[in-house]
Structure formats: C-alpha cells, structure tokens
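K.L.:
what follows is a predicted protein model with its sequence.
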There are 2 protein chains.
Amino acid sequence: MNREDQGMPFLLKYENVAWYENGIVKILDRRVYPKEIKYVECYSYKDVVLAIQNLVTQSAGPYTAVGMGMALAAYESRNMKGEDRIKYLEKACEELKNSRVTTASRYGKITDRCLKIAKTSIINNVDPISAIVEDTINSLNRRYSTMQKVGDNLVKLIPENGTLLTQCYGETIIGALIRALKSRNKKIKVICAETRPFLQGARLTASCFAEEGFDTTVITDNMVADILSKGLIDVFTSAADTILEDGSVVNKVGTLQIALLCDNYNVPYYVTGIPDKGKKSREDIKIEMRNPEDVLVFNGVKHVNEKVKGYYPSFDYTDSKFVKCIVTDKGFFVPNELKKYFEQSTEEFY
Amino acid sequence: MNREDQGMPFLLKYENVAWYENGIVKILDRRVYPKEIKYVECYSYKDVVLAIQNLVTQSAGPYTAVGMGMALAAYESRNMKGEDRIKYLEKACEELKNSRVTTASRYGKITDRCLKIAKTSIINNVDPISAIVEDTINSLNRRYSTMQKVGDNLVKLIPENGTLLTQCYGETIIGALIRALKSRNKKIKVICAETRPFLQGARLTASCFAEEGFDTTVITDNMVADILSKGLIDVFTSAADTILEDGSVVNKVGTLQIALLCDNYNVPYYVTGIPDKGKKSREDIKIEMRNPEDVLVFNGVKHVNEKVKGYYPSFDYTDSKFVKCIVTDKGFFVPNELKKYFEQSTEEFY
C-alpha cells in the first residue's frame, strides 16, 4: 500500500498516529511524549472516543483515530447480523464524530465515509474492516500530500536563517514544512511557545524540529512579547482547527494573543491549512470548554490551593485583521480574498 | 516587638517569609507551596544566597531573607576577632546584596544598613545578631505599613464585584489589598495568570485570595487575550521589580504582554509599588537571564527532547505607554507625572 509518511518525524509516522491491527487500535500517547513513548491500546471504539476526549491524541491525530475507530467498531460487531451490525456502526459513527465538538464536522467527513464503506461491504458480504482501514490510510495519504503543498508554500515565506515562532502542534504541516526545508537545504531557527496546559509546543512541535536537526528553543507562553520586542522573530505560524471563510481563525487557546502581539510588533502571522467551506463567521463556531482541573494539575500533581478554580477554553478566536495571509494547498490568500479559494475546484481532503 | 502582619495570609506571616533563630534562617519554600509546606533551613549566609538564587523565596521575600542572612553571618562569625568579623560581614553583605542582579540595589539598602548596625554593635561590644534581627523586622514592618497605604489606594480603583487580573506574586501588596478589601467588605473576583515557569500566580497569589474567601480562578498564561476579548476583566494589576522614573516597569516576564493586551482591550493596568529614584530609563536596568533548563522542566520533570534548548529572561520591560497609572503610598501618578512622587519627602522603605 502506498504511504506518504516517508521522511516524516517520529510523531507523524502512521503507526505513531493511530493504527488498527487485530482488533486493537493503538494510539501514541501524546500527553507524555517525548518523556515516555507509550501507546494507549483501545479494544472498543468507545475507548477511542475516550482517548480523543482525554487528549491522548490531538490536532490531526483524531482524524486517523476516528477512522481506525470505525474499523475497530466493525471488528467488534463482526458476529452481529446485517441490520444490527449496521446499527452498531451507525452508533459508533455518531459517537466518534462527536468526540470533540469544535471539530465534529471534520471528524464526520471521515466517519461518515467509513460508515458508507462498511454498509456497502456488508451488503456485498465482504469484510468491512480492511476496507475501512484502507480508506483511513488513503485519507492519511491525501492529507499528507495536500499538506505537503501547504508546506511547500509556507517555506517560501520564511527567510533563510530566519526565526519561526510556533504555537501548539500543527501536526502534518510541521512534518511537511520540515520536509520542504530539508529538500531545499534551507536553515531556519525555531522558537516554540510551550502551549500550556498540555505543552504540545514544548513536547511535540519542538521534538519534531529538534529531531530533524533544527536549532530549536522553547519559551513559556508569557515570553512571547518579550522576544518580539527584542526583534527575535521573523514569522509566526500556526495551523488552525477552523479557518473561517472570512479568514479568521479558531485554534488552540493562545493563538489570539500571539497573533495580536505579532501585529503590534509587525511580525506576520501566517495560518496554514485548508479553509472550512460553510463556516462563515464566528457564530458558526462552538468553542469547546475543557475540564478546568486540567489547568490546575500537571503530571498528575495538583499545584494550587483546593479552593482555587480553573478555566479552560480549548480554542480561541483570532479575528482576520491579525492574519497576514492564509497559506493553503492552492497558494496564499489574504483574508478578504479567501473566498477565491472556494472558486477553484477542491479535492477531497479528509 | 511590634508586628505589622496581623490579618495577612499564611504566606505573608513573618515566620513564613524568612526567619532567623538560634543560628538558622528558615525560609518557606515557595517553589512547592501550597502542595507542600516546607522550609529550607540555612546554616550559613551562603545558603541564604543560594536559596535566593534558586527561588526558594522571590518577590519581596529576599528583602527579609538578606537581612536575616546578615544576622546569620553575625552568628557564624561570633568567635572571630573584631576586624576579621567585620571583614566576614562585609563579604556576606556583598554576596547577599548581589544574589540577584536586577534587584541588587534594593537588597543593598537592607544589607548595607545591617552591616552598619553590626559594625556599631561590634565597636560598642554588644551583640550584633539581635540588633540585625530587630532592624530586619523593623524593615518588614515599614514595608508592610507603607504597602498598606498602596493597597488602600489600589482598592479604590477596583469596582465593586469587579474582576481583577494578576500576574506573578506581588507579595506584600497582595496581602495589603486583601486587608483593604476585607476591612471595606468589598467583594471582587480574581483571575490569576499562572506565571510559568514557577507558577507563582497559580500557587502563591491564588492561594492568598482563595484562603481569604475570594472567588479565585487560575488561567494559563496563554488565555489572557481570550478572557480580555470576552470582557471578563476590569482591572489588571502587578507589582514591579523596578518602577522607573519615567513610569515604565520591570517585572516578572509576562507583564509586558499582559499590559500590551490590556491596552488593546481598554483594560487599565495599574502597577503598584514604590518608584525607584535614580532609575531613569531602560538603560539603567540589567535584566537577569535565568537557567534555561527551568523552562524545560515542570514539577521537577523534564518534558522535552534532549536537543531542545530553553530561554529564560527573568523579567521584561513594559513601556510606560501601557501603564495607566502607578499606585503608590502617596497616591496615584500617571507615568509622565511620576517625577512629582520624588518631590514629596520619602520615608525609608527598605
């Protein structure tokens, strides 16, 4: 089977994202990487839902996890009769799709297709499991090659020997950017905001760049203005959980303030990804609130007084006025011209 | 002996700041509070220097620690002859004063006075230890009562049922503000930025407010713009490691970006403290760089790839244009009128 993960950092190899085999979905536990390399083993699609909700995997990881979760549901239901099996798979589809509210529409594109494939397989009396796995890998391949186009565009915007500031973990775009940099032998420095509370910047993004030989520095999230004021940053980039049609961005909480600070210091913010057709404005977005305890605890240790509360909006909303341009598979778009993106024919992405 | 710490939260009781007794200086370990209540025991002034450098205590804590450290040096040198003992105390004075570069001039005011008292005591053949301890407690009393004036002024700027955003741990002003709020029966909510890497906001400031019954919420440092954009904050306040004569502020890294973000969302930033006479501009300030490893570790666990570097400027510089007013013991000053502060007679503070 064709695979598009050659030359990718460890985190982006398919087996280290989410992988179905013999009735088990294995998901690399991003909550502890790189301190520990540990996989969460799921024996039911409900375990996959829980793993996504508990951030065992995040960013683009769940796109693969929900597909592999559908394969697992097909395995779980292998001894059921036709109609019962379809009902079971429909239930799995619903639950996997809605495991995180903010990105449910994207997850749904994958789970709905898996469900369709499963139904066709069951009607034709062939094994739906391998068909779902194959479709999930095809979907991964599609995303990796499409994101490579985005990476090939982003790399043009970073000056030689320049310094890139990142937020959270952009997943595929990080790997695609690294491949683009290496194939051009282009040197850059990277500064990763650590991205509390789960430290995806420090643990995931920084690991990818450092592993591939780039000069990589981690800062705490409160040092951004300080390094900007010292002129240390050339470009800020992030992926997005949603890119609205008007060019505004919903992404991991913290993106808004970095974008606003960059605007103040005249550092461009380039968001990367595939714009979300149909998401017209802020009102079309529901921002997920996560468990407030996550803010008060680290490595399982609670570090605050017991009467103290937490607050944890998963994402924030960055107005398009702070976005310099949207870097896509079809080139660069300033926010108020993003509508042109949708005028071109779009290939399937998820 | 008169004490000015009545009604103060646990962290601000004198014995929980730094305390000399029988040849030992005990310093509450703020690195682990409130998870653990643990004191670092110093048997030599050099242990006190190290404790300050390792952030066992911080903010205003070192002002007391260096005084108590001088008492300890007097104890250590109790069997030395006059001139040797004075030399020993001079050396202790230098090392304690310079334990942190950014605040050396403030520490020096205390250690220099302790040295003078010690010399007079030795010449007059009386015990210098109790004289130094007494002077250090007098200095604490002076700071607590002066900061109470600041707190009594700050409280006027916070609306009833308003929400206050804090950065790091303002030490005495936090206790003074709490006393001012309680004596007026004024209710406010408090949101504390956690202040990585040492989490002084989450662990220290939040503990003081929560302990005293205030509605207290901790956010990670990357959520500031998000809560500002939602209109959740009425006032931002911080203490300062230095307030320059032009009204700009040197304070724990992160202050700059909160101040800048508040400016963008029209939320006033009130810095509290005693302006530093003679610090005329940014060039008069040396910003201490701390151990980069501190950024890569959380609760004692290193969480990054071994090739990743850290970057840790202890403080940042906030231009006076982001400071709405400076709240002092003598009232409120807008930055460009701060010079008037120095026209009034100033009492000894340190």
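P.N.:
Now that the structure is in, tell me what you want to look at.

K.L.:
how close does A:Thr220 sit to chain B?
P.N.:
The gap separating A:Thr220 from chain B is 4 Å, by C-beta to the nearest C-beta, to the nearest Å. Placement of C-beta: from N, CA and C, glycine included.

K.L.:
ramachandran angles for that residue?
P.N.:
Its backbone dihedrals place A:Thr220 at phi -80, psi 160, with angles given as degrees, to the nearest 10.

K.L.:
for it, which residues are in contact?
P.N.:
Residues in contact with A:Thr220 (C-beta atoms under 8 Å, 6 or more residues apart in numbering or on different chains) are A:Ala193, A:Glu194, A:Arg196, B:Arg196, B:Pro197, B:Asp221, B:Val253, B:Gly254, B:Val295, B:Tyr312.

K.L.:
ok, now A:Val323?
P.N.:
Going by C-beta under 8 Å, 6+ apart, A:Val323 touches A:Gly247, A:Ser248, A:Val249, A:Ala259, A:Tyr269, A:Val271, A:Pro335.

K.L.:
which pLDDT value belongs to it?
P.N.:
On pLDDT, A:Val323 comes in at 98.

K.L.:
likewise for A:Ser183?
P.N.:
With respect to pLDDT, A:Ser183 has a value of 97.

K.L.:
so what's the residue count around it?
P.N.:
Close neighbours of A:Ser183, defined as other C-beta atoms under 10 Å in any protein chain shown, add up to 12.

K.L.:
hmm, back to that, including neighbour count and secondary structure, could the contacts of A:Thr220 go into TSV?
P.N.:
Shown next, in TSV, are these (neighbours: other C-beta atoms under 10 Å in any protein chain shown; DSSP: H, G, I helix; E, B strand; the rest coil):
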residue	neighbour count	secondary structure
A:Ala193	32	strand
A:Glu194	33	coil
A:Arg196	27	coil
B:Arg196	25	coil
B:Pro197	23	coil
B:Asp221	27	helix
B:Val253	28	coil
B:Gly254	27	coil
B:Val295	23	helix
B:Tyr312	19	coil
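
K.L.:
now distance to A:Ala71 and pLDDT too, for these, in CSV please.
P.N.:
Converted to CSV, the contacts of A:Thr220 look like this (distance: C-beta to C-beta, whole Å; pLDDT from 0 to 100):
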residue, distance to A:Ala71, pLDDT
A:Ala193, 35, 98
A:Glu194, 35, 98
A:Arg196, 34, 97
B:Arg196, 40, 96
B:Pro197, 42, 95
B:Asp221, 40, 98
B:Val253, 47, 98
B:Gly254, 45, 98
B:Val295, 41, 97
B:Tyr312, 45, 97
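
K.L.:
and stretch A:34-44, what's buried?
P.N.:
For stretch A:34-44, a neighbour-count test (16 or more other C-beta atoms under 10 Å in any protein chain shown) marks A:Pro34, A:Tyr39, A:Val40, A:Cys42, A:Ser44 as buried.

K.L.:
what about A:Thr120, distance to B:Lys230?
P.N.:
Distance of A:Thr120 to B:Lys230, given as C-beta to C-beta, to the nearest Å: 46 Å.

K.L.:
equivalent analysis for A:Ile287, please.
P.N.:
Relative to B:Lys230, A:Ile287 is positioned 10 Å away (C-beta to C-beta).

K.L.:
for chain A, just list every one of the helices.
P.N.:
A:45-53, A:61-76, A:82-97, A:104-123, A:128-154, A:172-183, A:200, A:206-211, A:224-229, A:255-264, A:293-296, A:339-343 (DSSP state H).

K.L.:
which one of those lies nearest to B:Val56?
P.N.:
Counting by C-beta to C-beta, B:Val56 lies closest to helix A:293-296 out of those; the figure is 22.9 Å.
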